[in-house]
Structures are given as C-alpha cells and as structure tokens.
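Sequence and computational prediction follow.
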Amino acid sequence: MTDPVLRFAGSELSFGERTLWRDLDLDVAPGEFVAVLGPNGSGKTTLLRTVLGQVTATAGTMTVDGRVGYVPQQHADDSDTMMLRGRDLVGFGVDGTSWGLGLRGLRSRRAAVDAALAEVDATRYATSPVGLLSGGEQQRLRIAQALTRDPAILLCDEPLASLDLASQQLVVDLLDARRRRADTAILFVTHELNPILPFVDRVVYLAGGQFRVGTVDEVMNSATLTELYGSPIDVLRVGGRLVVVGGEDAHHCVEHGYADATGHVTGAAS
Ligand SMILES: Nc1ncnc2c1ncn2[C@@H]1O[C@H](COP(=O)(O)OP(=O)(O)OP(=O)(O)O)[C@@H](O)[C@H]1O
C-alpha cells in the first residue's frame with residue numbers, strides 16, 4: 001500500500017472535560033476523498049486545525065507527508081473586496097513562502113498564480129475585482145489560491161456553504177479533477193454529504209466524543225448512526241440521495257426529512 005499522506009495514530013483531543021475524539025487511527029491515502037461529518041460542535045473544524053498545526057492533540061501523533069492547502073467557506077463579507085483583483089486573492093497563497101524579492105521572485109510568483117488560475121479555469125477573472133464575482137467564482141479563486149502551494153492534501157472547510165447547486169457542482173468537480181490529476185488527497189468538512197456523495201471514498205463521522213470511519217455504506221446506515229448517537233436514527237436512500245431521519249442532531253449530516261405514518265419522507269436540504 002502507498003504511504004499515507006496524512007496519519008493520525010492514537011490521537012485524542014480534549015478541551016478540559018470535553019473530549020472531541022479518542023483513539024483515532026486514520027490513514028488518508030494520496031488521492032483519497034474523505035468526508036468529515038457530524039453535528040455542530042462535534043470537532044470537524046478542529047480536526048482540520050489539527051492538520052494545519054493550529055491545534056495540538058492531547059495524545060497520539062499526527063503526521064503529514066507534503067504540503068497542505070486550505071479552502072475555506074465562502075463568506076458574504078468577502079464580497080466587499082472591490083479593491084482586490086482575482087489574481088491578488090490567488091497570490092496570497094504564494095506569499096509567505098520563500099519566493100524572495102526581486103525580479104526572479106516576482107516572475108516565479110506570477111507564474112505560480114497564472115498556473116493556479118489556469119488549473120481552475122479562472123484566468124478570465126484574473127483582473128476582475130473579487131467583489132464583483134459570484135460566490136462560485138470566488139470559490140474557484142480560493143481553490144486556485146490553495147493550489148499555488150501544490151498541496152499533497154487539501155483541507156476543505158464547508159466550501160459549498162452558501163453556494164447555489166450549479167456552483168456547488170463546479171467546486172466539487174474542480175476538487176475531484178485536482179485529486180485525479182495530482183493525487184491530492186481531500187479532507188472535506190461538510191454538513192451536506194449529498195453534493196459530494198459520488199466522489200467520497202470514506203467518511204469520518206464525529207459525534208459526542210466518538211467517531212466512525214468507513215465507506216459511505218459502512219457509516220451512513222441506520223445501525224451505525226443509531227449506535228453512534230445512542231438514539232434511533234433511520235438512514236434512507238431516496239432517489240440516489242441520503243436522508244437521515246430522527247435524532248435532533250443527526251440531520252446536520254446530509255439532508256433531513258420527516259417520515260409520515262406511511263414512511264413517506266418529505267423535507268429539504270439542511
Ligand atoms: N481552542 C479551543 N478551546 C476550547 N474549546 C474549543 C477550542 N476550539 C474548539 N473548541 C470547542 O470544540 C468543539 C468543536 O468545535 P469545532 O469548531 O471543531 O466543531 P464543528 O464540528 O466544526 O462545528 P460546526 O459544525 O458548528 O462548525 C466546540 O464545542 C468548540 O467550542
């Protein structure tokens with residue numbers, strides 16, 4: 001088996017009395033697409049922050065083999081950035097590394113930004129003010145920003161939030177294309193599994209200080225989630241989508257629905 005790009009071994013993370021996970025062993029292979037699910041406050045973002053080195057686990061080890069890229073949520077506030085051009089936003093991914101000053105450094109910087117813009121097909125936004133771009137176009141630039149580091153693993157923290165369906169699809173397709181082309185692993189925190197369902201190799205599901213790791217079928221089933229939450233949960237497949245019914249917290253993971261007496265499910269994406 002190829003060496004993992006990310007490894008958690010015997011990892012535990014507690015804040016005081018509160019344990020987010022314990023005895024976590026997780027190897028992420030190059031090119032693997034791993035979804036991180038769980039209710040609010042279960043530790044999804046903290047897991048990413050541990051990989052970024054911003055949080056140190058209370059026990060165990062975490063190792064990353066290669067560079068780490070980070071794709072954040074789209075924030076409406078960012079749309080005020082009328083002074084910032086597309087290529088400036090992407091350039092932030094290059095700055096902070098040792099490109100140095102002078103003509104050579106500037107040329108290298110420009111080349112890295114141009115390559116990243118081309119990789120996500122965003123060259124046409126290069127000189128547009130970021131504030132004039134749609135949420136989906138801005139997310140395209142954020143992916144380009146992360147790619148300037150040529151990452152071995154991309155950490156994505158709810159990158160689809162507040163995007164329409166077409167933009168969500170575009171972002172997921174870009175990430176999938178990157179992992180296929182460069183074997184970049186993807187650790188993807190989300191409240192909605194359905195938009196990424198066809199791409200997910202494995203799921204890490206955090207809840208109440210416990211976790212389950214496995215394929216979608218292994219984790220996203222009634223028995224496993226009922227055991228994890230300690231209360232009855234039904235996981236249904238409806239038209240190729242997953243719907244979780246029951247458990248106040250459970251509906252954070254995919255799409256929540258309400259079953260009537262006949263078992264008919266109605267509901268909307270959470
Ligand atoms: N530095 C810290 N000190 C103390 N508690 C923390 C710290 N960082 C995070 N927490 C707590 O850890 C828990 C997990 O937070 P985290 O942001 O990882 O959750 P999450 O699963 O990403 O939630 P959401 O879905 O709401 O974004 C929260 O209760 C949070 O308050």
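Cool, got the structure.

Just the pLDDT for the nearest residue to residue 215 once chain neighbours are set aside.
Distances taken as CB to CB, 6 or more residues apart in numbering put residue 202 closest to residue 215, at 5.8 Å, once the chain neighbours are dropped. The C-beta positions use only the backbone N, C-alpha and C, and glycine is treated the same way. Note on residue 202: pLDDT of 97.

can you tell me the helix or strand for the residue nearest the centre of the chain?
Among the residues of the chain, the one closest to the centroid is residue 188, at 2.2 Å (CA atoms, centre = their mean). Residue 188 belongs to strand 185-189 when assigned by DSSP states H and E.

So for that strand, mean pLDDT?
97.

Just give the strands next to it in its sheet, each with its orientation.
Sheet pairing for strand 185-189, assigned by DSSP bridges, gives strand 33-37 (parallel), strand 153-157 (parallel).

okay, the angle between the helix or strand that the last one is followed by and strand 33-37?
Same thing as strand 153-157. As assigned by DSSP H and E, the chain's next helix or strand after strand 153-157 is helix 165-182. If you take axes from the mean of the first three to the mean of the last three CA atoms, to 10 degrees, helix 165-182 sits at 140 degrees to strand 33-37.

Now do the buried residues in helix 165-182.
Buried residues in helix 165-182, counted by 16 or more other CB atoms under 10 Å: 167-168, 170-172, 174-175, 178-179.

So which elements touch that helix?
Contact here means 3 or more CB pairs under 8 Å, 6 or more residues apart in numbering; DSSP states H and E; on that basis helix 165-182 packs against strand 33-37, helix 135-147, strand 153-157, strand 185-189.

Kindly export stretch 194-209 (C-alpha atoms) in CSV.
As requested, C-alpha coordinates have been extracted for stretch 194-209 and formatted as CSV (Å, rounded to 0.1, in the frame of the first residue of the first chain):
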residue,chain,number,x,y,z
ASN,A,194,-25.2,14.6,-1.0
PRO,A,195,-23.4,17.0,-3.3
ILE,A,196,-20.2,15.1,-2.8
LEU,A,197,-21.7,11.6,-2.5
PRO,A,198,-20.4,10.2,-5.9
PHE,A,199,-16.8,11.2,-5.0
VAL,A,200,-16.4,10.2,-1.4
ASP,A,201,-14.2,7.2,-0.7
ARG,A,202,-14.6,7.3,3.1
VAL,A,203,-16.4,9.1,5.8
VAL,A,204,-15.2,10.2,9.2
TYR,A,205,-18.3,10.8,11.3
LEU,A,206,-17.7,12.6,14.7
ALA,A,207,-20.5,12.8,17.3
GLY,A,208,-20.5,13.1,21.1
GLY,A,209,-16.8,12.4,21.5
